[in-house]
Structures are given as C-alpha cells and as structure tokens.
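Participant: what's the 3D shape of this:
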Amino acid sequence: MSHLLLCNPLFLREDAVELKLMTPYFPLGLLYLAASTREAGHSVSIFDGMFAQEGDQAFIVALEREQPQVVGISVLATVRAAALRLAELAHRYGARVVVGGADPTGRPESYLTHQVNGHRPVDLVVVGEGEQTLLEVLPLLLGGRLPTDQMAHVAGLAYLDAEGSLVTTPKRPRCADLDSLPLPARDLIDVEAYRRAWRKSHGYFSMSLISTRGCPYGCKWCQKSVFGRSFRPRSPQKVAAEMRLIKELYQPDQIRIVDDVMGIDRGWVRAWHDAVLSMDAAIPYECLSRVDLMDEELIRLLGDVGCRRIAFGAESGSQKVLDAMNKGTKVEQIRQVAELCRRQGIETYFYIMLGYPGEEWGDIRQTVELLKDTRPDRFSSTIAYPLPGTDFYEEVAHRLLDTPDWDYTAENRLLFEREYSTRFYRWVQRWLYLEWRAARLRHGDESVPCARRLRQRAGLWTAKAMVEILRLKSGAARKP
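Facilitator: Predicted coordinates:
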C-alpha cells in the first residue's frame, strides 16, 4: 500500500506528435518528487503512462495494486485531457487527487472546478515547484478528510473552500539550494522499456538530467509558471557526480540536459567542465541554449565534455518578429552561432515558430532564407500557440478561437484568429522543410539518390505553389 502514487499522464500511443518523434524521456519532475517524499519516510510508487498499451486500464491496475491514499498527477497542457481522466479514476477509487505542473499552476481553477457526473475529482493544486509543498501537505491528506483549515497555512496551494470559492495560499519561495534535493528516483521507472524504445527507433539510448532551474529571459510565449524567471544552478561538482552515476548504472549512449538555457553562467560552465573531466564523467550529450550566449570559448568548453548537439530557439528570420516576442536576440546572432557550431563539429537544432502576432508574408520569407543560409542539422516548426499565464496569451485573449474548454492538444493548429488559416501554415511548414533540405543538398551537407532528389524538387514546387495559392486566397478574402 502506497501513501502516494505519482502519475505521468503522457500515453505515447495517444500523442501523434510524440509517437512520430519517438524520443521518450523519464518524467524527471515526478522522480524528484518521489525522491523527496520517499526520503521523508513516505511509501511512494509511480504510474508511468508512457508505454502503457492498456491505457486507462493500466492505471486502474496500478490503483488496485498500490492502494494509494493520495494520487499526484503532473500535467502539461498537452496531456490535460488524459490527466483529468486519471483524476476521475483515482477519485472514484477513493484517493485524494493532487495535480501540479505548468498547466495547473497557470490555471488552477480550471482543474479544481472540472466536474464529472456532478463530482469534482481534483482536490488540490500544487502551485509552482512541488517538492517542499508536497512534503508539507501530504501528512494532512493522509488523514482521510480534506482539512482546508490546515491547508490554508501551507504555501503554494490552490483549492476550493466549502462554498466552492477558489482559495490560493501565499506563493512558496522557489528552492534556492537545489543541492539539498535528493537525486531523482530513477529506480522507480522501467528503464529498460525506455532503452528498448530508443534503440528500436534510433539505434541508441538517451536519458535526461537537469543542472539548473529557471530562465531569466522574457520571451512572451514562454510559460515559466513552475521554475519562474530565475536562474538557480546546482553545484557543478554535484552535476558531474550525477553524470558519473548515470554512466555507471545505466550506460546510456547519450544524455539530454534539459535546462531551459545552458551557458548563462560561464564560470559555472568552466567549473562543470573541469569536474566532468576530473571524474571521468563525460557522456555524449545535447542541450538547449541561446544564440546570444554562445561564442567560440563556450562552444569549445561544451564540446570538450561531450556536447554533440545544441538546440536553439531561433524562432524566426525576421528581426521584427523576434522583437515582438521579446526574444532579446538578433538574426545575425543566429547566423553566427550556426557557423561557430559547424566549425566546432557540434550539430545545431533550430526551433521555428510560425504565425506569431505581427508576422507577415515578408517575415515568413525571411525565415525561409534563414534556414537556407544557416542549414541547421535539424529543425522543427510549430504554429504559435498561446499558453495561459503568458504575455502572448493576454495579447490574443480577445481573438481566441471557440474551442471546448480551450484544451491544448499535440495537434499543430492555429488557436487564435489570424489572416491566414491553419492549412496555410501547415503548407508553410512543408515549404520550410523542403527549402532547408534542398539547401543542405546543394552544399553537400547530405546526399540522396537521384530519384529521391527529383521527388523532393517536385514536392518543393508543389509546396511553394500551395503556399502562394492560400496566401492569395486569404488576401482576397480580406478585401471588402
């Protein structure tokens, strides 16, 4: 019997985008929560929906096996529907249901007021970082009733009072000493299931690690509801030691450092670099950073300890769009970092966002030219979507499309009124990809058989034609 069952509601089979990418990572946040509560003496188990072929039935089996008194569910906007299904099952089972994560933190009332057959399955929302809050509130929940009078004294919570009104307790200060947290409880996860999935799809196995929390930058579309606009690093020696432990216990082929931004503190990077080398902890890895942080020294330091790929939020080839996002970077810096990484033998991955407010046809063409000129090793594009709690959301709130309960899904679609349609942007995405691929072929970055090259040329011509047709059609529709 478990005091607490922590749940990852991402069912891979239900997410077409994740299923296509097939890059599953452990629910690292849940593993930190599990480690903290276990260290405090609670019995903890994890339900990981990632590879659960039986879907909700697998969760029911876990409930019957673990008999938890409290069920905690970590939620991103893309898995909200699945999370609420699991909440209802846990509520029906008789457990207290606590949700946390970016989406509940951004809009707690939508979870607390959600009803199924007249019942509200979610009892409590943990707002912000959860380790300390969960440690304080868990003993209260294990008593069998919902002690709202006592919960009022626990920072970082949201719940409904007896009259059904929303109560939010004072914000909890974010954890300043990340080294005080125990390492994530990876032993509670089926590591081999992840290894098999990675090897089957990619021929290698990747794991995740986090060395810092927070991001101090102000991109308008970014939801920083949990870690906040902060920068809190673990000690470089502790991170290197965890890498060494992962290397010894699990032997992954690579790791992904999931910090929002790598390289904010150059001194930290230097110390981490030295610690990794001294401990023989280097593992091939990929990370995320910003184009305005990278220079030759920093890229060399990252490469010395195994960096294979750096992902950058390039977002757009238009300076006007970058400024509208409050990105704080320059298009020229994107071009420079692509060349620096190429010279150092480190791959680049660009994230591109289409359809941001203010983006016009000329801006899209500039993004095409950026991809053709910089030729990142990989890139992905999304249609801009506003998350609750962001400046972007507030800017387009009056133009949100009428969707049931404003549920976000993994579908790549336009969620607010614009002059162009979802269909237009999806064709732009094809155009971007084919222009990028053609540029890489021209520069000898890759090679394909002649027949496939001809098919790609035909596809590029078709994509450009469809984009132009849909653009002109949209323009005609706007005329009085």
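Participant: going by C-alpha atoms from here, please, whenever you check contacts or count neighbours.
Facilitator: OK.
Participant: any low-confidence regions in this structure?
Facilitator: For the chain, applying pLDDT under 70 flags the ranges 1, 144, 225, 402-411, 475-480.
Participant: spatially central residue for it, please.
Facilitator: Nearest to the geometric centre of the chain sits L76, at 8.0 Å (Cα atoms, centre = their mean).
Participant: what's the nearest residue to that one if we skip its chain neighbours?
Facilitator: D103 (5.2 Å; Cα to Cα, 6 or more residues apart in numbering).
Participant: what number of residues lie near that neighbour?
Facilitator: Residues near D103, counting by other Cα atoms under 10 Å, number 25.
Participant: same thing with T168?
Facilitator: 20.
Participant: V99 is in contact with the residue nearest to the centre of the chain, correct?
Facilitator: No: contact criterion Cα atoms under 8 Å: L76 and V99 do not qualify, at 10.4 Å.
Participant: overlap in contacts, these two.
Facilitator: Between them, L76 and V99 share no contacting residue under Cα atoms under 8 Å, 6 or more residues apart in numbering.
Participant: show me where the stretch 251-400 of the chain has strands.
Facilitator: Along the stretch 251-400 of the chain, counting by DSSP state E, counting those that start in this stretch, strands occupy 254-257, 285-289, 307-315, 347-354, 378-383.
Participant: contacts for the first one, please.
Facilitator: Counting by Cα under 8 Å, 6+ apart, the neighbours of strand 254-257 from elsewhere in the structure are 204-211, 283-288.
Participant: okay, the residues you listed in JSON lines with distance to K247 next?
Facilitator: Shown next, in JSON lines, are these (distance: Cα to Cα, whole Å):
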{"residue": "Y204", "distance to K247": "14"}
{"residue": "F205", "distance to K247": "12"}
{"residue": "S206", "distance to K247": "11"}
{"residue": "M207", "distance to K247": "10"}
{"residue": "S208", "distance to K247": "12"}
{"residue": "L209", "distance to K247": "12"}
{"residue": "I210", "distance to K247": "15"}
{"residue": "S211", "distance to K247": "16"}
{"residue": "I283", "distance to K247": "7"}
{"residue": "P284", "distance to K247": "10"}
{"residue": "Y285", "distance to K247": "12"}
{"residue": "E286", "distance to K247": "15"}
{"residue": "C287", "distance to K247": "17"}
{"residue": "L288", "distance to K247": "21"}
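Participant: out of these, what pair is the most spread apart?
Facilitator: Maximum pairwise distance among these (Cα to Cα): 22.7 Å, between Y204 and S211.
Participant: please say which of those two ends up with more neighbours.
Facilitator: S211 (20 against 14).
Participant: how many residues are close by the spatially closest residue to the more buried one that is not a sequence neighbour?
Facilitator: Leaving aside its sequence neighbours, S211 sits nearest to R234 (Cα to Cα, 6+ apart; 5.6 Å). By the criterion of other Cα under 10 Å, R234 has 18 neighbours.
Participant: ok, now E419?
Facilitator: Neighbour tally, E419, other Cα under 10 Å: 12.
Participant: that one contacts R471, doesn't it?
Facilitator: No: taking Cα under 8 Å as the definition, E419 is not a contact partner of R471, at 9.2 Å.
Participant: how many other residues sit next to K20?
Facilitator: Using other Cα under 10 Å, K20 has 11 other residues around it.
Participant: and it, what element?
Facilitator: helix 16-21 (DSSP states H and E).
Participant: now R452
Facilitator: For R452, the enclosing helix or strand under DSSP H and E is helix 450-478.
Participant: now W431
Facilitator: W431 is part of helix 422-442, with elements assigned from DSSP H and E.
Participant: please name every helix or strand in contact with that helix.
Facilitator: Applying 3 or more Cα pairs under 8 Å, 6 or more residues apart in numbering; DSSP states H and E, one finds that helix 422-442 contacts helix 361-374, helix 450-478.
Participant: tilt between the longest one and helix 361-374?
Facilitator: It refers to helix 450-478. Put simply, helix 450-478 runs at 160 degrees to helix 361-374, going by axes from the mean of the first three to the mean of the last three Cα atoms, to 10 degrees.
Participant: what secondary structure does V99 sit in?
Facilitator: Of the three states, V99 takes strand under DSSP: H, G, I helix; E, B strand; the rest coil.
Participant: OK, contacts around it?
Facilitator: Applying Cα under 8 Å, 6+ apart to V99 gives the contacts G72, I73, S74, V75, V122, L124, V125, V126.
Participant: is it in a bridge, and if so with what?
Facilitator: Taking DSSP bridges as the rule, V99 bridges to I73, V125.
Participant: picking up where we left off before, tell me the helix or strand right after the helix holding K20.
Facilitator: Scanning forward in sequence from helix 16-21 by DSSP H and E, the next helix or strand is helix 28-39.
Participant: identify all contacting residues around that following helix.
Facilitator: Here helix 28-39 makes contact (Cα under 8 Å, 6+ apart) with 6-8, 43-46, 74, 130-131, 134-135, 181-186, 188, 208-209.
Participant: and those, which are buried?
Facilitator: When these are checked for burial by 16 or more other Cα atoms under 10 Å, the buried set is 6-8, 43-46, 74, 130-131, 134-135, 181-186, 208-209.
Participant: quick revisit: and whatever helix or strand the residue nearest to L76 lives in, what other elements does it pack with?
Facilitator: D103 belongs to helix 102-106 when elements are defined using DSSP H and E. In this structure, helix 102-106 packs against strand 124-126, with contacts taken as 3+ Cα pairs under 8 Å, 6+ apart.
Participant: so how far is D391 from S316?
Facilitator: S316 sits 18 Å away from D391 when distances are taken as Cα to Cα, to the nearest Å.
Participant: please identify which of these two sits among more neighbours.
Facilitator: Neighbour count, other Cα under 10 Å: between S316 and D391, S316 has more, with 29 against 18.
Participant: neighbours of the closest residue in space to the more buried one that isn't next to it in sequence, how many?
Facilitator: Distance criterion Cα to Cα, 6+ apart; nearest residue to S316, sequence neighbours excluded, is T367 at 5.3 Å. Look at T367: counted by other Cα under 10 Å, it has 22 neighbours.
Participant: P147 versus T367, what's the distance?
Facilitator: Distance of T367 to P147, given as Cα to Cα: 54 Å.
Participant: could you do H153 as well?
Facilitator: 11 Å.
Participant: got it, and A465?
Facilitator: 63 Å.
Participant: who are the contact partners of Y349?
Facilitator: Contacts were defined as Cα under 8 Å, 6+ apart; by that measure Y349 touches R309, I310, A311, F312, P376, D377, R378, F379, S380.
Participant: please report phi then psi for A82.
Facilitator: The phi and psi values for A82, taken as degrees, to the nearest 10, are phi -70, psi -40.
Participant: I figured it was touching L10, is that so?
Facilitator: Yes: with contact defined as Cα under 8 Å, A82 reaches L10; the gap is 7.3 Å.
Participant: quick one, which of these two is more surrounded?
Facilitator: L10 (25 against 18).
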